[in-house]
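> Model the structure of this input:
(one chain, ligands or ions: 1)
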Amino acid sequence: MVSFLAGMNNTKFTTDPQKMEEIVSLCKRRGFIFQSADLYGGLNGCWDYGPLGAELKRNLKDYWWRKMVQEREDIVGMDGSILNHQAVLTASGHVGGFSDPMVDCKICKKRYRADQIEPEDLICSEKKQGKKEERLCELTEEKDFNLMFKTKMGASADDNDPNAVAYLRPETAQSIFSQFKNVLDSSRQKIPFGIAQIGKAFRNEINPRNFTFRSREFEQMEIEYFCHPDDALALCDEWLETRLSFYEEIGIPRTQLHVLDVPDGERAHYSAKTYDIEYAFPFGIQELEGVAYRSNYDLTQHKTHSGKPIEYFDEQAGERYLPHVIEPSAGCDRTILALICEAYDQEELTNDKGKVETRTVLRFKPSMAPIKVGIFPLLKKNAEQVKIAKEIERELSAYMNVFYDEAGAVGRRYRRQDEVGTPYCLTIDFDTLGESGDELKNTVTLRHRDSMEQERVAIDELLPKLLKLIK
Ligand code: GAP
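Below you'll find the predicted structure:
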């Protein structure tokens with residue numbers, strides 16, 4: 001397989017199942033990610049983001065949107081419907097061919113994705129006369145399993161009424177392609193330009209696995225970048241670089257990324273170039289994003305199936321054509337998982353009493369961290385400290401997500417914030433009240449998560465200083 005390193009060093013990669021278990025447990029304990037319908041035994045392949053997970057996801061999506069749409073003149077956004085028309089997905093080829101190979105075990109009836117079977121999966125256990133017996137699964141012939149969730153719309157009683165059939169979209173891309181002409185006409189963009197979208201996608205994965213990595217409901221952050229065919233290959237390389245830089249900016253270094261230059265025979269038939277950007281997850285090096293040159297396959301399909309003229313007209317060159325497209329398609333949930341895995345750290349520290357303790361810390365970039373600042377009065381019984389802490393909370397919360405905490409020893413409050421990745425904590429203490437003299441009056445302790453260093457900062461200077469730090 002042709003692959004190269006984005007920066008990943010050459011030391012051999014090893015999986016770390018224990019780290020993964022710790023991360024899954026922290027995600028539940030601290031309110032990042034819960035199994036959907038946990039109360040009822042769980043809905044397989046579906047996940048709910050708790051208070052901190054929702055903030056983290058919002059930070060990622062907002063940053064992606066800012067960098068990929070707001071700060072670029074050549075990209076506009078859209079937000080398509082989740083329910084997709086059958087005709088759109090027939091044209092795109094999803095109705096006919098969006099499937100994975102599936103096999104069943106004839107004995108235990110377990111279902112496997114044929115191209116992803118691990119030998120250890122193939123064990124079925126039966127109870128015979130009260131005893132558990134294990135044997136190898138006996139597999140059926142492979143068959144194609146369409147991954148789309150199909151549903152019925154409206155009150156039509158006719159099962160064959162094509163207008164009553166709809167699908168939960170398996171990718172956000174197809175609404176971009178099918179709205180290409182409307183967006184072009186309404187935004188008056190000129191080639192090259194892109195249409196970006198963030199939204200839910202649904203695939204009835206045969207074996208959802210590795211926490212949120214392979215889910216049945218997930219979110220994508222996709223761009224279709226339309227261009228002249230002569231420029232496509234160069235733009236594909238440019239987009240790869242843009243996307244690698246993006247991951248660095250959010251806290252995933254190149255040393256943890258791997259680029260797979262997908263070889264002939266493994267790319268989609270219409271693609272002359274596809275890069276997979278992969279991340280070294282604790283369970284293996286796996287895809288985060290694809291950067292694919294899709295030729296003008298999708299627009300050609302939609303033009304043919306709809307019978308409508310959707311070509312682009314280049315006035316200067318007097319040329320009418322169906323643009324080609326480069327598609328950077330990222331998984332939002334996979335990026336969140338990579339951010340958490342990358343941030344997760346445990347370090348040993350010796351406390352004041354000489355005892356060695358383990359500090360769990362999520363080293364998120366401040367821009368991604370769900371909580372930016374923890375705010376603590378040193379003593380919750382001290383009314384003046386509490387009053388100042390609440391005032392600071394009120395002022396900062398208009399600009400960033402903060403967390404007020406007055407419960408327990410301050411050291412424990414720091415640890416609780418370390419564990420959820422809060423980059424800064426403020427403590428309002430007796431010095432703030434002026435008990436050590438005027439010099440420290442109206443100052444607070446600002447504690448840095450990573451270095452654990454503390455500095456005194458005037459209350460008046462907190463907002464501008466923190467805004468700079470969390471940018
Ligand atoms: N429009 C192109 C497209 O959808 P894809 O490689 O099938 O391409 C793009 O999906 C990205 O969506 C993947 O790189 C991955 O990050 C994310 N993704 C795909 N299937 C997923 C799943 N079952 N669970 C979570 N994320 C998924």
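> At the contact with the ligand, which residues of this structure appear?
For the chain, the contact set with the ligand under Cβ under 6 Å from any ligand atom comprises 171, 173, 203, 205, 214-215, 218, 220, 222, 287-290, 327, 329-331, 333-334. For every residue, glycine as well, the C-beta is placed using N, CA and C.
> what pairs with the closest residue to His258 other than its chain neighbours across the strands?
Using Cβ to Cβ, 6 or more residues apart in numbering and skipping the chain neighbours, the partner closest in space to His258 is Glu278 (4.4 Å). Glu278 has these beta-bridge partners by DSSP bridges: His258, Glu287.
> ok, Glu278 - how many residues close by?
Residues lying near Glu278 (other Cβ atoms under 10 Å) number 21.
> need the contact list for it.
Leu257, His258, Val259, Leu260, Ile285, Gln286, Glu287, Leu288 (Cβ atoms under 8 Å, 6 or more residues apart in numbering).
> what do you get if the cut-off is 6 Å, keeping everything else the same?
His258, Ile285, Gln286, Glu287 (Cβ atoms under 6 Å, 6 or more residues apart in numbering).
> Let me see the ranges of the helices in the stretch 301-450 of the chain.
332-343, 383-397, 410-420 (DSSP state H, counting those that start in this stretch).
> per-residue confidence for the residue lying closest to Ser125 once chain neighbours are set aside?
Nearest non-adjacent residue to Ser125, counting by Cβ to Cβ, 6+ apart: Glu134, 4.8 Å away. On the pLDDT scale, Glu134 is placed at 85.
> Just the element for Glu134, please.
Assigned by DSSP states H and E, Glu134 belongs to strand 131-136.
> Ok, Ala292 next?
strand 284-293.
> Also Tyr167?
strand 165-168.
> mind exporting that strand as CSV, just the C-alpha atoms?
In CSV, the C-alpha atoms belonging to strand 165-168 read as follows (Å, rounded to 0.1, in the frame of the first residue of the first chain):
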residue,chain,number,x,y,z
VAL,A,165,-39.7,6.7,0.1
ALA,A,166,-36.9,8.7,1.7
TYR,A,167,-33.5,7.9,3.2
LEU,A,168,-31.6,9.3,6.1
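> Quick check: mean pLDDT of that strand?
Mean predicted lDDT for strand 165-168 stands at 95.
> and the helix or strand following that strand, what does it pack onto?
Note on strand 165-168: by DSSP H and E, the next helix or strand toward the C-terminus is helix 173-178. The contact analysis (3 or more Cβ pairs under 6 Å, 6 or more residues apart in numbering; DSSP states H and E) places helix 173-178 against helix 297-306.
> try 8 Å
On a contact count with 3 or more Cβ pairs under 8 Å, 6 or more residues apart in numbering; DSSP states H and E, helix 173-178 meets helix 86-91, strand 193-202, strand 217-227, helix 297-306.
> Give the rounded mean pLDDT of that helix.
98.
> Against which helices or strands is whichever helix or strand comes after it packed?
The helix or strand immediately downstream of helix 173-178 is helix 180-187, counting by DSSP H and E. Using 3+ Cβ pairs under 8 Å, 6+ apart as the contact test, no helix or strand touches helix 180-187.
> Now the element after the helix or strand bottoming out on mean pLDDT in the chain, going C-ward?
Within the chain, no helix or strand scores below strand 3-5, which has a mean of 55 by mean pLDDT, DSSP states H and E. Downstream of strand 3-5, the first helix or strand assigned by DSSP H and E is helix 17-29.
> Parallel or antiparallel, which strands does the helix or strand just after that following helix pair with?
Going down the chain from helix 17-29, the next helix or strand is strand 33-35, by DSSP H and E. Paired neighbours of strand 33-35 in the sheet (DSSP bridges): strand 47-49 (antiparallel).
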